[in-house]
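1. Predicted coordinates and the sequence they were generated for:
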Amino acid sequence: MTDHDYIRDGNAIYERSFAIVREEADLSAFTEEQADIAVRMIHACGQVEAASHFRFSPDFVVAARGALLAGKPVLCDAEMVAHGVTRARLPADNDVICTLRDPRTPELAKKIGNTRSAAALDLWAEKLDGALVAIGNAPTALFYLLEMLEKGAARPAAIIGMPVGFVGAAESKDALEVSSLGIPYAIVKGRMGGSAMTAAAVNAVARAGL
Ligand SMILES: C/C1=C2N=C(/C=C3N=C(/C(C)=C4\N[C@@](C)([C@@H]5N=C1[C@](C)(CCC(=O)O)[C@H]5CC(=O)O)[C@@](C)(CC(=O)O)[C@@H]4CCC(=O)O)[C@@](C)(CC(=O)O)[C@@H]\3CCC(=O)O)C(C)(C)[C@@H]/2CCC(=O)O
């Protein structure tokens, strides 16, 4: 049997990986704290070029980290996002909530004539106030969140809006970026995004450093 030559220590792999990202990515558009988040997002997608698609509102890091320090929940559109959040990094044993598989969601989807991903947000009403929202999969969830907020739903502290794909992904993130709601946000422009990048952004916000 061949003994392959590779790094076997998890922390050493992370350190080497983050160092490569910092060497290769152009992070000049970001503050130091935004750059830490960008590094983790690039690490999750394997593409240093992705950095040119990242946009942070100036107040995002303080608002998102403050929400977690205050014990507010992380509200996720997909189980994949929720499962990617490293619980040990969360500063206040925060709840990580995804209502997509709630038994009420399919019926709600029929009622509102939208996807299950969007309908699941109707079950966030009590939890939205001051929360950190993390949308990494479904463009319809981000569009629907904006509609809920425009109709007066409680305001989250910050929105990580990174749905991926070809139908509605770019448009939903553009809508968040130009929205007059004034809620701090982090987005990935265009088609790129996804559950892994979104969970990585939450993990980076949760604690500074590795
Ligand atoms: C149209 C949908 C898109 N899904 C994408 C990419 C991925 N989705 C995966 C999985 C396993 C799930 N996607 C659902 C959220 C499902 N996906 C949709 C919907 C049909 C509509 C959402 C929308 O357009 O906004 C949505 C179902 C719904 O009614 O809301 C999922 C719930 C489907 C299911 O299993 O029932 C499920 C999420 C499960 C969970 O984590 O909770 C993929 C893994 C697909 C695969 O199997 O290959 C992948 C993951 C991508 C990621 O990083 O998150 C798109 C590309 C986002 C696409 C929307 C845009 C488009 O261009 O079509």
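-> Arrived safely, thanks for sending.
2. Give the full set of residues in contact with the closest residue to residue 192 other than its chain neighbours.
-> Closest residue to residue 192 apart from its sequence neighbours, by CB to CB, 6 or more residues apart in numbering: residue 53 at 5.6 Å. Glycine gets a C-beta too; all of them are placed from N, C-alpha and C. Residues in contact with residue 53, defined by CB atoms under 8 Å, 6 or more residues apart in numbering, are 188-190, 192.
3. can you tell if the one helix or strand residue 40 maps to touches the ligand?
-> Taking DSSP states H and E as the definition, residue 40 sits inside helix 32-45. No: residues of helix 32-45 are not located near the ligand by CB under 6 Å from any ligand atom, the shortest gap being 9.4 Å.
4. returning to what we had before: filter the contacts of residue 53 to the buried ones?
-> The neighbour count (16 or more other CB atoms under 10 Å) marks 188-189, 192 as buried among the contacts of residue 53.
5. which bits of the chain sit near the ligand?
-> On the criterion CB under 6 Å from any ligand atom, the ligand has as its neighbours in the chain the residues 78-80, 100, 115-117, 136-141, 163-169, 194-196.
6. what number of residues lie near the nearest residue to residue 200 once chain neighbours are set aside?
-> Of all residues not flanking residue 200 in the chain, residue 44 sits nearest, at 3.8 Å (CB to CB, 6+ apart). The local packing of residue 44 (other CB atoms under 10 Å) involves 20 other residues.
7. quick one, what contacts residue 44?
-> Counting by CB under 8 Å, 6+ apart, residue 44 has contacts 196-197, 199-200.
8. change it to 10 Å
-> 50, 84, 194-201, 203-204 (CB atoms under 10 Å, 6 or more residues apart in numbering).
9. again, but for residue 13
-> Residues near residue 13 by CB under 10 Å, 6+ apart: 6-7.
10. Look up which helix or strand residue 186 falls in, please.
-> Per DSSP H and E: strand 185-188 holds residue 186.
11. how big is the angle separating the helix or strand following that strand from helix 32-45?
-> Next along the chain after strand 185-188, taking DSSP H and E as the criterion, comes helix 195-206. Orientation of helix 195-206 against helix 32-45 (axes from the mean of the first three to the mean of the last three CA atoms, to 10 degrees) gives an angle of 150 degrees.
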